[in-house]
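1. How does the following fold in three dimensions:
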Amino acid sequence: MSRFTPKVKLVAASLAIALGIVLVVVGLSTSVTGKAAQKLPKEIENITPVRSATQVQSQERIEVDLITGYTGVLIVNGIELKTLGLDDAALVPTKPGSQIELPPDVIFEPGNNTLTFTPTKGAAIEKFSTGVNTVTVIYWKQTDGRSFAKPSFTWQFDVV
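-> Predicted structure coming up:
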């Protein structure tokens, strides 16, 4: 009987290792990360802060990265923010030798197809309120205009 005991232990250990490997493979093949985990529409490549983010700062930057050829507007906590193209924002007069200061609006960069907003003094939203904040992006093809806007995309994040 002692001749079978080492074989039974070896078979049991081998089965446990095989089961562990199968579970790791199944876990990796079914995991969802990146854009798929965010459930972003095909026209949106990335958002910041990410959906359901926690511990976001009250003056965190919001950025929506759209695919080529798209633009849009941001609505933050029910307030539609004014959007300026980067070229328009650069037209703000500055003193010679000083850096260009961007206005406190949403800036659309046509080269990167990004909408960016940072809460600052003088902006429609100077800082995010503590708790849950909601952002909606309404987007459309630049050649079509806003009247052909796609259904909007909304996400939330939590400010500490």
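
2. which residue is nearest the centroid of the chain?
-> The centroid of the chain falls nearest to I47 when counting by C-alpha atoms, centre = their mean (1.8 Å).

3. Please name the bridge partners of it.
-> V64 (DSSP bridges).

4. and S147, helix, strand or coil?
-> Here S147 is recorded as helix under DSSP: H, G, I helix; E, B strand; the rest coil.

5. what about it, how many neighbours?
-> 6 (other C-beta atoms under 10 Å). All C-beta spots, glycine's among them, are computed from the backbone N, C-alpha and C.

6. Could you do I67 as well?
-> 13.

7. I'd like the numbering to begin with 43 instead of 1 from here.
-> Right, with 43 as the first residue, what we last looked at is I109.

8. ok, it touching N155?
-> Yes: judged on C-beta atoms under 8 Å, I109 makes contact with N155 at a distance of 6.6 Å.

9. Give me the distance from the longest helix anywhere in the chain to the chain's centre.
-> Ranked by residue count under DSSP state H, the longest helix found in the chain is helix 47-72. Centroid displacement of helix 47-72 relative to its chain, using C-alpha atoms, centre = their mean, to the nearest Å, is 38 Å.

10. Could you measure from the residue nearest to the centre of the chain over to T160?
-> Distance, I89 to T160, using C-beta to C-beta, to the nearest Å: 15 Å.

11. give me the beta-bridge partners of I180?
-> V115.

12. Check what pLDDT it gets.
-> pLDDT recorded at I180 is 96.

13. What are the neighbouring residues in contact with it?
-> Contacts for I180 (C-beta atoms under 8 Å, 6 or more residues apart in numbering) come out as 114-115, 117, 188, 191-192, 194.

14. which residues does P152 contact?
-> With C-beta under 8 Å, 6+ apart, P152 has these contacts: 113, 127-129, 184.

15. can you rerun that using 10 Å?
-> By C-beta atoms under 10 Å, 6 or more residues apart in numbering, the contact set of P152 is 110-111, 113, 127-129, 184.

16. With I149 instead?
-> 105, 125-128, 130-132, 156-160.
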